[in-house]
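S.K.: Provided below are the primary sequence and the corresponding predicted coordinates.
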Amino acid sequence: MDVISIVGLLLGLAAILGGQYLEGGHLSSLVQTTAFVIVMGGTFGAVMLQSPFATFMQGMSMVKWVFTPPVLGQRELIDRMTEWSHTARREGLLALEGHLVEVEDPFQRRGLQLLVDGAEPDRVREVLDVEIGTQEGQLKLAAKIWESAGGYAPTIGIIGAVMGLIHVMENLSDPSKLGAGIAVAFVATIYGVGSANLIFLPIAKKLLAHVSRLTLVREMYVDGLIGIANGDNPRIIESRLQGYVV
C-alpha cells in the first residue's frame, strides 16, 4: 500500500474543505450534483473520444497502482540471475532450460528461451529491446489518459460555469432560481480545476513513474541475460545489476 498517495489525497481535500469551513462557508455548498455530472461526464467523454477502447480500459485499470504499486522484485531478480549465471558457467547455457518452468513472467521466459536456444547476445538484446519499447509505449499511452483528463477538466468546468450563468440570465425575473444557477457556475469551476490538479494530473505522474520503474526492471533483466550469454563472472553480473536498485 502506497501510504503517501493516500495521505496526499486526504491532505489536499482536507486543505480545501478546511479552508471553506474556516472562511465560514458551508461544506454542503460545494456539493452540486449538476456541476459534478457536467465536469466528470464531459471530461471522461472527451478522454474516451480521444482514446482507443483498449488504451482507455488499460488506463482505468492502472489507477490501482496509485495505491498499490506493482511489485518490482528487483532483489529476487538479482538472486535468480546470479543463480542462473552460476549454472551456465558450470553446465553451459543449455542447462538453463530446467529453469524455464520457474519463470512466470512471459517476457522473462521469452528471454531465457532465446538464451537456451543459442541466440547471439546482440540478437537477444535486439528482440527484447523491441518488446520493452512496445510495452513501455503502451503503458505510457494508458497512463496519459489521466493527464488528458487533467487537461480537459478545467475547460469542462468553465463550460459548466457558463451554462450556470446562462441559466441565471434566463431566470432574472425569478430571484428564487438565481442562487442555484450561480452555485452551479462557481462549483463547476472548482470541480474542474480541483479534480485536474488534485486527482487527474497527480495520478498521471504517479503512473508514469511506475511505468519507468517497470521498464528499468526489464532493462535490468536484459542486462543480466546478456552478461550470462557472454560468460561474465557471476559476481560481476550481480554487482552490475545492483546498480539498478534504487
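M.R.: Cool, got the structure. Numbering: from 1, shown residues only.
S.K.: drop to CA atoms for contacts and neighbour counts, all remaining ones
M.R.: OK.
S.K.: Where do the domain boundaries of the chain fall?
M.R.: Using automatic domain parsing, the domain parsing of the chain gives 1-31, 32-246.
S.K.: ranking those by mean pLDDT, which is last?
M.R.: Of all the domains of the chain, domain 1-31 carries the lowest average pLDDT, namely a mean of 81.
S.K.: Any idea how far stretch 131-141 is from the middle of the chain?
M.R.: In terms of Cα atoms, centre = their mean, to the nearest Å, the centre of stretch 131-141 is found 12 Å from the chain centre.
S.K.: List the buried residues of that stretch.
M.R.: Buried residues in stretch 131-141, counted by 16 or more other Cα atoms under 10 Å: 132, 136, 138-141.
S.K.: that older thread, most tightly surrounded among the domains of the chain?
M.R.: domain 32-246 (a mean of 18; mean count of other Cα atoms under 10 Å).
S.K.: Give me the contact list for the helix or strand where residue 55 lies.
M.R.: Per DSSP states H and E: residue 55 is located in helix 53-62. Contacts of helix 53-62 with the rest of the structure, by Cα atoms under 8 Å, 6 or more residues apart in numbering, involve 47-48, 138-139, 141-146, 207.
S.K.: Same check on stretch 99-116?
M.R.: Contacts of stretch 99-116 (Cα under 8 Å, 6+ apart): 93-97, 121, 124, 128, 221-222, 225, 229.
S.K.: Equivalent analysis for stretch 83-95, please.
M.R.: 96, 115-118, 228-229, 231-234, 237.
S.K.: relative to helix 53-62, how tilted is the helix of greatest length in the chain?
M.R.: Assignment by DSSP state H gives helix 121-170 as the longest helix of the chain. Relative orientation of helix 121-170 and helix 53-62, computed by axes from the mean of the first three to the mean of the last three Cα atoms, to 10 degrees: 90 degrees.
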